[in-house]
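>>> My questions are about this predicted structure, shown below with the sequence.
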Amino acid sequence: MWVMTVLVLSGTTAGRRLAEAMVARGMVPLSSLPSGSTEQPPGQVRHGGFGGAAGLADWLRSHHVEAVVDATHPYASTMSRNAYQVSRALQIPFLRVVRRSWRERADANDWYWVADHDEACRVAGRIGAPIFLAVGRQPLWHYHLLPSPVTVRVSRDDGFERPADWHVIEARGAQSLDVELGALEGQRVLVARDLGGTDHAAKLEAAAQLGVRVVMLSRPELPGQQAANLDEALAWLARVSLR
C-alpha cells in the first residue's frame, strides 16, 4: 500500500491533533518540532531547524516529501514563508492550518490592535501599569522600558534577560478561565497575540470580566492555501493523495 510522505511543521496543538488524526486514518506523518520541544506526536518526529530555505529544500528532496502542512505558530512567519516558497519551487502541495482570528470576536473592536511589538509597547505604556505580557519569550526585549509593575508569562524561564523588577509566571499551554482570572486580577492592560481559536481564549474572557484593557498584536500576512480546522486539513490531504 502506497503511503504519501507528509511533512507536518508542528510545535502547536493543531499540529499534534493533525498528526493524531492522520495516524488514526492510516497515514504516517513526519512531524518537525522546534529544538527543545518535549512534545511527542504520533508518527515520525524530528527536532530542530532546517538551515534556512536552502536546507529545507535539500531536506524535502532527500526525504521525498510529497506534501507540506504548516501547522506552526501563527507568528512563526520566517518558517512559514520559507516553507511556502520552497514548496512552491519544488512543486510540492502546501497548506497552512490557521485558527480563525480573534478579530471575529464580538469584543475585538474594543481592543487596541497594533502592527508590531514596538507599537504594542507604546500603547500599553500610555494605558499604564500594571501590565501583563502574554506575547511569548523571544520578543520581550521590545518591552523593557514599560512602566512597572510588569508581569510576563512564558512557557519556560531559562533566565532570559529582563528588568529585575518583572514578575515571571512559568506556564505552558492554554490556561483555564479560573487561572486567567487569577493571573489578570489587578492588571490594567493585557498585551497578547492573535492566536485565534478557542484553546487560548480564556485570557480574553478574563480580561472582559475584569475590565482589563487589551492590546492585541495583528497576525503577519502569510502566503499559501489555508485550512481553518482539522477537518479541512484532512480533506485537503485526501484530495492531494489522489493526484
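That came in fine, so what should we check first?

>>> Flag every buried residue along stretch 98-105.
Of the residues in stretch 98-105, those scored as buried under the neighbour-count criterion (16 or more other CB atoms under 10 Å) are 98, 99, 101, 102, 105. Bear in mind the C-beta positions are built from the backbone N, C-alpha and C, glycine included.

>>> Tell me who's in contact with the last one.
Remark: with contacts taken as CB atoms under 8 Å, 6 or more residues apart in numbering, residue 105 is in contact with 201, 204.

>>> The fourth one too?
By CB under 8 Å, 6+ apart, the contact list for residue 102 reads 108, 194, 195, 196, 201, 204, 216.

>>> Emit the ChimeraX select command for whichever of those are buried.
Under the burial definition 16+ other CB under 10 Å, those of the contacts of residue 102 that qualify are selected in ChimeraX by:
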select :194,195,196,201,204,216
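
>>> what are the ranges of the helices in this protein?
Assigned helices in the chain, in chain order: 13-24, 52-62, 77-89, 117-127, 177-184, 202-210, 230-241 (criterion: DSSP state H).

>>> Which residue would you name as the spatial centre of this structure?
Note on the chain: the residue nearest the mean C-alpha position is residue 73, at 2.3 Å, using CA atoms, centre = their mean.

>>> of all the helices of the chain, which lies closest to residue 38?
When the helices of the chain are ranked by distance to residue 38, counting by CB to CB, first place goes to helix 13-24 at 11.7 Å.

>>> what's next to that closest one, contact-wise?
Outside of helix 13-24, the residues that reach it under the criterion CB under 8 Å, 6+ apart are 6, 8-10, 28-29, 31, 39, 41-43, 69, 71-72, 97, 99, 173-174, 197, 199, 230, 233-234, 237.

>>> and if we set it to 6 Å?
With CB atoms under 6 Å, 6 or more residues apart in numbering as the test, helix 13-24 has contacts from 8, 29, 31, 41, 42, 43, 71, 97, 199, 230, 233, 234.

>>> Now, the contacts of residue 102 that are in strands?
Per DSSP state E, strands hold the following members of the contacts of residue 102: residue 216.

>>> so where's this structure uncertain?
Within the chain, the set of residues satisfying pLDDT under 70 comprises 1-3.

>>> hmm, try it at 80
Segments of the chain classed as low confidence (criterion: pLDDT under 80) are 1-3, 36-38, 173, 242-243.

>>> sorry, back to before: now list the buried members of the contacts of helix 13-24.
Among the contacts of helix 13-24, the ones that count as buried by 16+ other CB under 10 Å are 8, 29, 31, 41, 43, 71, 97, 230, 233, 234.

>>> what's around the nearest residue to the residue nearest to the centre of the chain once chain neighbours are set aside, how many residues?
The shortest distance from residue 73 to any residue other than its chain neighbours is 5.8 Å, reached at residue 12 (CB to CB, 6 or more residues apart in numbering). When counting by other CB atoms under 10 Å, one arrives at 20 neighbours for residue 12.

>>> let's have the chain start at 16 instead
With 16 as the first residue, the last one maps to residue 27.

>>> What's the separation between residue 27 and residue 63?
Here residue 27 is placed at a distance of 17 Å from residue 63 (CB to CB, to the nearest Å).

>>> what's the answer for residue 231, then?
Here the distance between residue 231 and residue 63 works out to 31 Å (CB to CB).

>>> ditto for residue 195
Distance, residue 195 to residue 63, by CB to CB: 32 Å.
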